[in-house]
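Visitor: give me coordinates for this.
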Amino acid sequence: MSSAPLPTAQPALVPTVQMPQSEADLRVLLDTLLQEHTYLAGIAIAPVIGGDQAQAQAAATVLDENTQQLGGVIGQLYGPQAQQTFLTLWRRHIADYVEYAQAGLNSDAATQAHDRQDLLQFAQDTDTFLTGVNPDIQSGSIAEGLTMHVQGTLQVIDALEAKDYLTAFNLAKEGAGMSAGLGDPLASAIAQQMPDQFSAGTAATGE
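Guide: Now for the predicted structure:
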């Protein structure tokens, strides 16, 4: 893990996420926040590699706003203890990305191997946590999606450090597209677990 804690957003300044009332809208909310995470994580890692500490800290703060919004959804569904567990897990994997990038700049293969392993364990731990609060989630499904997300993000970091920018941005685009679907099975399982809270139906169009 990174020796220096990453900046966190002030909770009072993080916009509150309004809980949807349908499964479709919950799916849209989760997919949007997870896709936003992927883009923001890439934005936050780039200045770490470029050595711009001020920009890296600012990006990390905005990324943490997204983390807290995701955590807020979990909290509204499963309570404050579950929210804190999620925040700890999610912030852990972001810190691993930062340390992995820093280790790459220093040619520290041992630290990168440690971070890679911890990120894979993060995927398993998050799966265990979410299936623990919601038995309607298929065991292993969250881990599978997050493992793909982790591996893709590490490939983006490697490409950025190799200055292979075209590959990095293409991989980032692919990762964001994949992340936009990570919330689908989670939303379905939540709606199944809480049918009185989430009605069936199509997502709101705003029209």
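Visitor: what about the longest helix in the protein?
Guide: Secondary structure of the chain read by DSSP state H shows that its longest helix is helix 23-50.
Visitor: just how off-centre is that helix within its chain?
Guide: 6 Å (Cα atoms, centre = their mean, to the nearest Å).
Visitor: report the buried residues of the lowest-mean-pLDDT helix or strand in the chain.
Guide: Ranked by mean pLDDT, DSSP states H and E, the helix or strand of the chain with the weakest confidence is helix 165-179, at a mean of 90. Neighbour-count burial for helix 165-179 flags 168, 171-172, 175-176, 178-179 (criterion: 16 or more other Cβ atoms under 10 Å). C-betas here are computed from N, CA, C, even on glycine.
Visitor: could I get these as CSV with distance to Val62?
Guide: Output for those, formatted as CSV (distance: Cβ to Cβ, whole Å):
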residue, distance to Val62
Ala168, 20
Leu171, 21
Ala172, 17
Gly175, 18
Ala176, 16
Met178, 22
Ser179, 17
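Visitor: just those residues now: which is nearest Arg91?
Guide: Ser179 (17.3 Å; Cβ to Cβ).
Visitor: right, and that closest one touches Leu33 too?
Guide: No: here Ser179 lies out of contact with Leu33, judged by Cβ atoms under 8 Å, at a distance of 9.4 Å.
Visitor: ok, back up a step: could you write out the alpha-carbon coordinates of the least confident helix or strand of the chain in CSV?
Guide: Only the C-alpha atoms of helix 165-179 are listed here, as CSV (Å, rounded to 0.1, in the frame of the first residue of the first chain):
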residue,chain,number,x,y,z
TYR,A,165,-0.1,6.7,-25.4
LEU,A,166,-2.3,5.4,-28.2
THR,A,167,-2.4,2.0,-26.6
ALA,A,168,-3.1,3.6,-23.2
PHE,A,169,-6.0,5.6,-24.4
ASN,A,170,-7.5,2.8,-26.4
LEU,A,171,-7.3,0.5,-23.3
ALA,A,172,-8.8,3.2,-21.2
LYS,A,173,-11.7,3.6,-23.6
GLU,A,174,-12.3,-0.2,-23.5
GLY,A,175,-12.1,-0.3,-19.7
ALA,A,176,-14.6,2.5,-19.4
GLY,A,177,-17.0,0.7,-21.7
MET,A,178,-16.7,-2.5,-19.7
SER,A,179,-17.1,-0.6,-16.4
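Visitor: packing partners for the helix or strand that it is followed by?
Guide: Going down the chain from helix 165-179, the next helix or strand is helix 183-193, by DSSP states H and E. Applying 3 or more Cβ pairs under 8 Å, 6 or more residues apart in numbering; DSSP states H and E, one finds that helix 183-193 makes contact with helix 23-50, helix 141-161.
Visitor: one more time with 6 Å, if that's ok
Guide: helix 23-50 (3 or more Cβ pairs under 6 Å, 6 or more residues apart in numbering; DSSP states H and E).
Visitor: for the closest residue to Pro11 other than its chain neighbours, give me the pLDDT.
Guide: Distances taken as Cβ to Cβ, 6 or more residues apart in numbering put Gln68 closest to Pro11, at 6.3 Å, once the chain neighbours are dropped. On the pLDDT scale, Gln68 is placed at 96.
Visitor: next, the angle helix 23-50 makes with the helix or strand that contains Ala103.
Guide: Using DSSP H and E, Ala103 sits in helix 80-105. Counting by axes from the mean of the first three to the mean of the last three Cα atoms, to 10 degrees, helix 80-105 lies at 30 degrees to helix 23-50.
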